[in-house]
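Novice: structure for the following, please:
(one chain, ligands or ions: 1)
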Amino acid sequence: MTQRVLTTRPDLPGGGLDRLAAQSELVRWDGDGKPEPAELHALAAGASGILCLGNDRVDAALLDAAGPSLKVVGLASMGFDGVDREAAAERGVVVTHTPGVLAETTADLTFSLILMARRRLGAARDSLAAGRWDLFRMDDYLGLDIHGATLGLVGFGQIGRAVARRAQGFGMRVLHHDPFAPDDTQDPPSKAVDLPTLLAEADVVSLHVPLTPGTRHLIGAAELAAMKSTATLVSTSRGGVIDENALLHAVREGGIHSAGLDVYEREPMGTDLSPLVGEPRVATLPHIGSATEATRAAMVDLAVDNILEVLEGRPATTPLPG
Ligand code: DGY
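Specialist: Residues are numbered from 1 along each chain as shown. Here you go, the predicted model:
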């Protein structure tokens, strides 16, 4: 019998949804934006699978709304901080995500943020666009070099390693801190250090850890104070890993040189902008780390593969890590 699968968005990049529609009874939430929980719960009843985005809440209420038929929730995202893992485990529901396919694209964006923040690209661009480029001055928009600097990666999984590979091209020395990757590596070259050493020695600190209770506010006032006053903090992981009030204070008071952020404690922002947006030494983007056509299509494809695998009684390719 064909199994029912709910997708929380009517349309997604690539051909993944068409594949899912060919192999299941696909129910699409078909509104604009993002469904309210009540709408989702009504549609979920009797589903065997649910395809979600990273910003959907996968909680006991949704799982119970689907009921005992539910076998799998496939996230088209790497991050899984919106998932109540305990509730899923209690109900025997497999939850999958999409590591790997977005690592290179997110690493590209990480480097964009490093360049934007250290070379003050946003301020320079705004000045040009506002018609303030009236003279070449030796001391305008002076930034800090990236080549030859020390990069400190907090988290050395697929994305962290992809950033480390790019750093080789910039002649950077790379340090990493990751309890799951405790050793030095040659491919790519990186020295394993503890967090205090990384914060003290890095010119650029880049965060690549998932948001979990253990990583919430991993970078707060004390960690920012431990960084060099010439350092840049970059994050393409999750906003909650940084205490944003402490970061704002640190950049305003000159505790660190700059920051580059793609992720925030509160997302999305609409017109109610975080004070970090528009702060002269903070480069900000609206959570676009994996936003290329090919990568978003690959994320949907992998989510669909995972869902079909579980529905067919096979192990999922990329379940959430244990
Ligand atoms: C991810 O995959 O986690 C990205 O942040 C998009 O949700």
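Novice: who in the protein is up against the ligand?
Specialist: Contact residues (Cβ under 6 Å from any ligand atom) of the chain with the ligand: 54, 77-79, 102, 289-290. (Glycine included, C-beta is placed from N, CA and C.)
Novice: near residue 180, how many other residues are there?
Specialist: Using other Cβ atoms under 10 Å, residue 180 has 9 neighbouring residues.
Novice: what do you get for residue 53?
Specialist: For residue 53, the number of neighbouring residues by other Cβ under 10 Å comes to 18.
Novice: likewise for residue 54?
Specialist: 20.
Novice: pretty sure it contacts residue 75?
Specialist: Yes - under the criterion of Cβ atoms under 8 Å, residue 54 makes contact with residue 75 at 6.1 Å.
Novice: now do the same contact list for the residue positioned nearest the centre of the chain.
Specialist: Centroid check for the chain by Cα atoms, centre = their mean gives residue 237 as the closest residue, at 3.6 Å. Counting by Cβ atoms under 8 Å, 6 or more residues apart in numbering, residue 237 touches 79, 155, 159, 207-211, 263.
Novice: skipping adjacent residues, who's closest to it in space?
Specialist: The shortest distance from residue 237 to any non-neighbouring residue, by Cβ to Cβ, 6 or more residues apart in numbering, is to residue 207 (4.8 Å).
Novice: does residue 151 belong to a helix, a strand or coil?
Specialist: Classification of residue 151 using DSSP: H, G, I helix; E, B strand; the rest coil returns strand.
Novice: thinking again about what came up before, among the residues of the chain next to the ligand, which ones are buried?
Specialist: Among the residues of the chain next to the ligand, those classed as buried by 16 or more other Cβ atoms under 10 Å are 54, 77-79, 102, 289-290.
Novice: nearest to the ligand among the contacts of residue 237?
Specialist: Closest to the ligand out of the contacts of residue 237 is residue 79 (3.1 Å), distances taken as Cβ to the nearest ligand atom.
Novice: count of residues packed around residue 297?
Specialist: Look at residue 297: counted by other Cβ under 10 Å, it has 17 neighbours.
Novice: what mean pLDDT does the longest helix along the chain have?
Specialist: Scanning the chain for the helix with the most residues, using DSSP state H, yields helix 293-311. The pLDDT scores in helix 293-311 average 98.
Novice: if I look at the residue of the stretch 151-300 of the chain found nearest the ligand, how far off is residue 124?
Specialist: Nearest residue of the stretch 151-300 of the chain to the ligand: residue 290, at 5.1 Å (Cβ to the nearest ligand atom). Computed as Cβ to Cβ, to the nearest Å, the residue 290 to residue 124 distance reads 26 Å.
Novice: contacting residues for the closest residue in space to residue 221 that isn't next to it in sequence?
Specialist: Leaving out its chain neighbours, the residue that sits closest to residue 221 by Cβ to Cβ, 6+ apart is residue 246, at 4.1 Å. By Cβ under 8 Å, 6+ apart, the contact set of residue 246 is 219-221, 224.
Novice: of these, which is the most crowded?
Specialist: Busiest of the contacts of residue 246 [other Cβ under 10 Å] is residue 219, holding 25 neighbours.
Novice: what's across from that residue in the sheet?
Specialist: residue 242 (DSSP bridges).
Novice: ok so, going back, I figured the residue nearest to residue 237 hits residue 240, correct?
Specialist: No - if you go by Cβ under 8 Å, residue 207 and residue 240 don't touch, sitting 10.7 Å apart.
Novice: look at the two and report which has more neighbours.
Specialist: Neighbours per residue (other Cβ under 10 Å) separate residue 207 from residue 240, with residue 207 holding more: 25 against 18.
Novice: quick check: phi and psi at that one.
Specialist: Per-residue torsions, residue 207: phi -100, psi 130 (degrees, to the nearest 10).
Novice: residue 273 versus that one, what's the distance?
Specialist: For residue 207 relative to residue 273 (Cβ to Cβ), the value is 21 Å.
Novice: again with residue 243
Specialist: Taken as Cβ to Cβ, the span from residue 243 to residue 273 is 18 Å.
Novice: neighbour count: these two, which is higher?
Specialist: Between residue 243 and residue 273, counted using other Cβ under 10 Å, the more crowded position is residue 243 (20 against 12).
Novice: and the strands in the stretch 151-300 of the chain?
Specialist: 173-177, 185-186, 189-192, 204-207, 232-235, 258-261, 282-284 (DSSP state E, counting those that start in this stretch).
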